[in-house]
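Peer 1: Sharing a model prediction with you, sequence too.
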Amino acid sequence: MRRSLLSLLLAAAALALLAGCGNKGPLVLPPARTAPPAPAPAASAPAPASTATDASTGHA
């Protein structure tokens, strides 16, 4: 008798734990965050004429 009562109590506790877990109702999403604007790329200046390479050798 004692063993069946203990088993019944354990089964009731397991059922109560399983029934109470998880969110009930519709899915709730967090508010959307807007991404910060990307920094503008730095303007590249043309290379000075003195750094031009010789096409045949690849050296300056």
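Peer 2: Yep, that arrived.
Peer 1: L8: what secondary structure?
Peer 2: Under DSSP: H, G, I helix; E, B strand; the rest coil, the three-state class of L8 is helix.
Peer 1: burial of it, as a residue count?
Peer 2: A count of neighbours around L8, defined by other C-beta atoms under 10 Å, yields 10. Backbone N, C-alpha and C define where each C-beta goes, glycine included.
Peer 1: And R3, by the same measure?
Peer 2: R3 has 7 neighbours, counted by other C-beta under 10 Å.
Peer 1: For it, give me phi and psi.
Peer 2: With angles defined as degrees, to the nearest 10, R3 sits at phi -70, psi -40.
Peer 1: residues touching it, list them.
Peer 2: Applying C-beta atoms under 8 Å, 6 or more residues apart in numbering to R3 gives no contacts.
Peer 1: Can you tell me how far it is from P36?
Peer 2: 64 Å (C-beta to C-beta, to the nearest Å).
Peer 1: again with G25
Peer 2: Taking C-beta to C-beta, one finds G25 at 33 Å from P36.
Peer 1: Over to L9?
Peer 2: 56 Å.
Peer 1: Looking at those two, which is more packed in?
Peer 2: Between L9 and P36, L9 has the larger neighbour count (other C-beta under 10 Å), namely 10 against 6.
Peer 1: May I have the predicted confidence score for that one?
Peer 2: L9 is assigned a predicted lDDT (pLDDT) of 93.
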